[in-house]
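# with the sequence up front, the predicted model follows.
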Amino acid sequence: MKKMIVKSAVLAAMVTLFFSADLSAQSQGGKGQKEPPSVDQIFKEMDKDEDGKLSKDELKGPIKEDFDTIDTDEDGYITKEEMEKAPKPKGRKRE
């Protein structure tokens, strides 16, 4: 009888820990969710020649794909001002 009570208590504790960990992850937005980089962070990482503007060759990912949309003055470069005015990327939808 005593063994059954101990087993039940251990099982209840494990179930409680499992659900509390799951709720904690949900309240924090889940795993892998992070803030998008700032314009300054993007330029610091991608502006290889440090001229204060980004050419298409310096870019990668969604910014490169949307280059023509972001480069509003069509000079072949993206400035910090153009980047700040660019539409924000939409988050990925969960399936």
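Cool, the structure landed.

# in the protein, which spans are strands?
53-55, 77-79 (DSSP state E).

# check which helices and strands the first one is in contact with.
In other words, strand 53-55. Using 3 or more C-beta pairs under 8 Å, 6 or more residues apart in numbering; DSSP states H and E as the contact criterion, the neighbours of strand 53-55 among helices and strands are helix 39-46, strand 77-79. Every residue, glycine included, has its C-beta placed from N, CA and C.

# let's have the ones you listed in TSV, adding mean neighbour count and mean pLDDT.
Compiled in TSV, the helices and strands packed on strand 53-55 are given as follows (neighbours: other C-beta atoms under 10 Å; pLDDT from 0 to 100):
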stretch	mean neighbour count	mean pLDDT
helix 39-46	14	95
strand 77-79	21	97
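
# in CSV: those, plus distance to E65.
Conversion of the helices and strands packed on strand 53-55 to CSV gives the following (distance: least, C-beta to C-beta, whole Å):
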stretch, distance to E65
helix 39-46, 14
strand 77-79, 13
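
# which of those sits closest to S55?
For these, the distance to S55 is smallest for strand 77-79, at 5.7 Å, taking C-beta to C-beta.

# so what secondary structure elements neighbour that closest one?
Packing partners of strand 77-79 (3+ C-beta pairs under 8 Å, 6+ apart): strand 53-55.
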